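# Let's see this in three dimensions:
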Amino acid sequence: SSGLNIQFVVYVSPSGPLSCDQNITVTLSISGNTGARKPLDMVLVFDKSWSMSYDVLEITPDPQGMDLEGDAIFVATGTSGLYDMNLIQPGYPNTVGTYNSPGVSRDVDMESGYAFLADGTNGLRIVNVNTLSSPTLLSQLDVGGDAYAVATTGTTTYLGTYGTDTTDISNQGTANNALYIGRSSTQAYGAQSFQPGVDFISGAQIRIRKQGSPGGNVTVSIRSSITGASLVSGTIAASSITTSYQYLTVTFPTILSLNSGSTYYLVVTTTTNDASNYYEWGASTSNSYSGGQAFQNTTAQSRDARFETYFIIGLIKIDTSSPASPAVLGAVSLTDVWRIWWDGSYAYVSDGSAGLKIFDVSGDTPFIVGTYNTSGTAYDVSVYGSYAYVSDGSAGLHIINVSSPSSPSLVSTYNTPGTARATRVYNSTAYIADGTRGIAVVDVSTLASPTLLRTYTTSGNYLDMEINYPWGYFANDYGASGIASIHLE
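Here you go, the predicted model:
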């Protein structure tokens, strides 16, 4: 009615720009002319447009990698193994089960109720999580190196390993004794039993020299019995063997899957026998290697041959069609594997300082078909359609056209304020786990010119993420570590 004059004033303390999770005080002051008395209904509305809300932090030790399946989150938590969390109420993860693996769990990928765990120096662990509250180990595979990354289709699993030492067994030293190769019918070949510590072999080395001028090449084989069929073999050319002892290496043409702890035989043969022209495989004077012994033909000797066996560090392809008995199919060397993204016949690898690597994985042995050396450190890669989104550390987000895997090309970059560690894309929006700077949200509807929509900064260090829109789940390993639930709308 006429004569009514009311003034509303809203005070916000502290004044000025605000940061996420900051406590503020909002005061509403109402004044009017003293002669008016009227009932008044009021609603104070906070507009959160273009903001995101931090809802829950489910505490876990040292979360390093994560995956979603159904209404659950699975987290690789370093030395604490695997954490299972239910998501019956989206946005509010709740830990219900744990599996304390013996290694350092770096990454996890889910398929059909099984958690495929990259468990550091303990290789691949396959954990049955069909009952979230009681995860149980189903099988393991020791692949050497430090398992950092894993991606699975269920029937096939790709494991990324890191390290510099590719030697499984080493029994090197002086050769004060010998096994004879091609000297006579009773000294035709030598063998050395061994028990691998790694579940596959890529090559071997022997200490060898010649006497006289033998003409036959030397064959180095792996067998399950001394006189059994060769499981894999390689050749040392006669021309490369001298009259002085030297270590010569054979790289086998294919990877051979082994069972660590079982007994195998390294067998060395040649094509002829000649008492004046033969080979000597250097050996010790005693049993210096506790995992086996030497044989002259099939006769056990009280000594060991000088040898080494090798494996490959990099991208390991594993048959997991029977999850209870995984077996290595093939492997290819890599520099610094951080994450793997599988898509059809190709595996995309974020290879640290070496950038993006693309592998054809249609056969047993992966082979490289394309590379793009990003300017930073490639920590993560995700592929949507014909484009790879590489989280490139301090160099931010790199968008790469991979429509032709043999010739990937840079489309654009966006240098985030922090250290880009993981990226997921939803509805033309890239959500980036940006290290200590929280989350960067980037519009990628125009791929050639990504633009920042907003950032969300919290006191943490975000290393990995998954999206089940409108919720984002982020692995934070700093301060109060755990899985942070962020409402993205």
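
# List the contacts of the residue lying closest to residue 448 once chain neighbours are set aside.
Closest residue to residue 448 apart from its sequence neighbours, by Cβ to Cβ, 6 or more residues apart in numbering: residue 412 at 5.3 Å. Backbone N, C-alpha and C define where each C-beta goes, glycine included. Residues touching residue 412, when contacts are defined by Cβ atoms under 8 Å, 6 or more residues apart in numbering, comprise 398-399, 447-450.

# now with 7 Å?
Residue 412 makes contact with 399, 447-450, according to Cβ atoms under 7 Å, 6 or more residues apart in numbering.

# just these now: which is nearest residue 244?
The shortest distance between residue 244 and any of those, using Cβ to Cβ, involves residue 399 and amounts to 56.4 Å.

# helices or strands up against the host helix or strand of that closest one?
With elements delineated by DSSP states H and E, residue 399 resides in strand 397-401, which encompasses its position. Contact analysis of strand 397-401 by 3 or more Cβ pairs under 7 Å, 6 or more residues apart in numbering; DSSP states H and E lists strand 387-391, strand 409-414 as its packing neighbours.

# Give me the helices and strands touching the next helix or strand after the longest one, please.
Looking back up the chat, that one is strand 409-414. Under the assignment DSSP H and E, the closest C-terminal helix or strand after strand 409-414 is strand 422-426. Helices and strands touching strand 422-426, by 3+ Cβ pairs under 7 Å, 6+ apart, are strand 380-384, strand 387-391, strand 429-433, strand 462-468.

# picking up where we left off before, quickly compare the helices and strands packed on strand 397-401 and say which is most buried.
Mean neighbour count (mean count of other Cβ atoms under 10 Å) peaks for strand 387-391 among the helices and strands packed on strand 397-401, with a mean of 27.

# just for the stretch 51-200 of the chain, where's the confidence low?
The stretch 51-200 of the chain contains residues with pLDDT under 70 at 51-55.

# can you do 80?
When the per-residue scores of the stretch 51-200 of the chain are filtered using pLDDT under 80, the ranges that remain are 51-56.

# thinking again about what came up before, if we compare the helices and strands packed on strand 397-401, which one ends up closest to residue 227?
Once Cβ to Cβ is applied to the helices and strands packed on strand 397-401, the stretch that comes out nearest is strand 387-391, at 50.8 Å.

# between the helices and strands packed on strand 397-401, which one is nearest to residue 260?
Ranking these by proximity to residue 260 (Cβ to Cβ) places strand 387-391 first, at 34.3 Å.

# what angle do that closest one and strand 422-426 make?
Here strand 387-391 points in a direction 140 degrees away from that of strand 422-426 (axes from the mean of the first three to the mean of the last three Cα atoms, to 10 degrees).

# Next, the angle from strand 387-391 to strand 380-384.
Taking the same axes, to 10 degrees, one finds strand 387-391 and strand 380-384 inclined to each other by 160 degrees.

# What is the distance between strand 387-391 and the centre of its chain?
Here strand 387-391 is found 17 Å from its chain centre; the criterion is Cα atoms, centre = their mean, to the nearest Å.

# so what secondary structure elements neighbour it?
strand 380-384, strand 397-401, strand 422-426.

# Quick one: mean pLDDT for the last one?
Computed over strand 422-426, the mean pLDDT rounds to 98.

# List the contacts of it.
The contact list for strand 422-426, computed with Cβ under 7 Å, 6+ apart, reads 380, 382, 384, 389, 391, 397, 430-433, 444, 463-467, 469.

# Buried residues of that strand, list them for me.
The neighbour-count criterion (16 or more other Cβ atoms under 10 Å) identifies 422-425 as the buried residues of strand 422-426.

# same check, this time on the first one
Judged by neighbour count using 16+ other Cβ under 10 Å, the buried positions of strand 380-384 are 380-384.

# so what strands line up beside it?
Within its sheet, strand 380-384 is paired with strand 387-391 (antiparallel), according to DSSP bridges.

# Rounded mean pLDDT for the strand it pairs with, please.
98.

# now the angle from it to strand 429-433?
30 degrees.

# Show residues contacting strand 387-391.
Contacts with strand 387-391, where a contact means Cβ under 7 Å, 6+ apart, come from 348, 350, 356, 374, 378-382, 397-402, 411, 420-423, 425, 430, 432, 447.

# remind me which residues of the stretch 351-489 of the chain are low pLDDT?
Segments of the stretch 351-489 of the chain classed as low confidence (criterion: pLDDT under 80) are 458-459.

# That's all I had, so thanks and see you.
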